[in-house]
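Peer 1: model the structure of this input:
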Amino acid sequence: MQFDPAAGPISEVLIIASVALALTAAYTDIRWGKVFNVITVPFALLGLLLNTVWGGWEGLFVSLAGIAAGFALWLVSNVLGRILGGGDIKLLMAFGALLGPVFMLWTFAWGALIGGVMAIVMALRRGLLQKVVRQLGTSLYLRAAASAPMEITDGAGEVRLPYAIALGAGALLTIAIKLFA
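Peer 2: Model (predicted):
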């Protein structure tokens with residue numbers, strides 16, 4: 001059992017819930033700079049519940065595997081220098097609970113590409129691209145050589161990228177590809 005939009009009304013509810021989660025998380029990340037647990041936890045629980053009711057043990061396993069895949073990304077993110085924030089990881093875990101690990105990984109992959117484009121546009125807009133690329137190289141080197149945390153700043157403070165926008169867009173794109181492919 002995996003993300004299958006043709007699987008019936010429960011699948012439609014999970015897709016609608018995923019769209020609502022993507023839009024809500026993007027809004028809160030723009031507005032308050034956070035993806036709150038009060039958003040991600042209920043959606044994760046909804047995914048666990050509906051997948052278990054709909055698919056029995058297999059549905060529960062798919063939801064738990066989606067959560068576990070998100071947790072694995074958190075571990076990788078911490079090893080590489082906390083690339084994703086806790087809210088972003090919990091958002092991915094909620095997507096995994098709703099539509100499974102494959103959906104969550106595609107959401108992450110598309111979100112990473114969209115986030116990269118967003119970062120480049122933001123850097124170009126602020127005239128920071130050359131400085132940020134140099135800092136990124138230094139930061140990656142320091143992270144690998146000295147286990148120092150990755151930091152990229154614009155000189156006036158940290159450049160903040162509301163990454164829930166990219167992850168939400170990645171989820172919507174993954175849904176659209178599956179629905180219209």
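Peer 1: tell me where the protein has helices.
Peer 2: Counting by DSSP state H, one finds helices in the chain at the ranges 9-32, 37-79, 86-126, 129-146, 163-180.
Peer 1: quickly, which of those bottoms out on average pLDDT?
Peer 2: Ranked by mean pLDDT, the helices of the chain bottom out at helix 129-146, with a mean of 73.
Peer 1: relative to Glu58, how far out is the residue nearest to Leu60 when sequence neighbours are not counted?
Peer 2: Closest residue to Leu60 apart from its sequence neighbours, by C-beta to C-beta, 6 or more residues apart in numbering: Thr52 at 4.3 Å. (Glycine included, C-beta is placed from N, CA and C.) Counting by C-beta to C-beta, to the nearest Å, the gap from Thr52 to Glu58 is 9 Å.
Peer 1: neighbour count: these two, which is higher?
Peer 2: Thr52 (17 against 12; other C-beta atoms under 10 Å).
Peer 1: quick one: contacts for the more buried one?
Peer 2: Applying C-beta atoms under 8 Å, 6 or more residues apart in numbering to Thr52 gives the contacts 59-60, 63.
Peer 1: make JSON lines out of the residues you listed and add neighbour count.
Peer 2: Shown next, in JSON lines, are these (neighbours: other C-beta atoms under 10 Å):
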{"residue": "Gly59", "neighbour count": "20"}
{"residue": "Leu60", "neighbour count": "16"}
{"residue": "Ser63", "neighbour count": "28"}
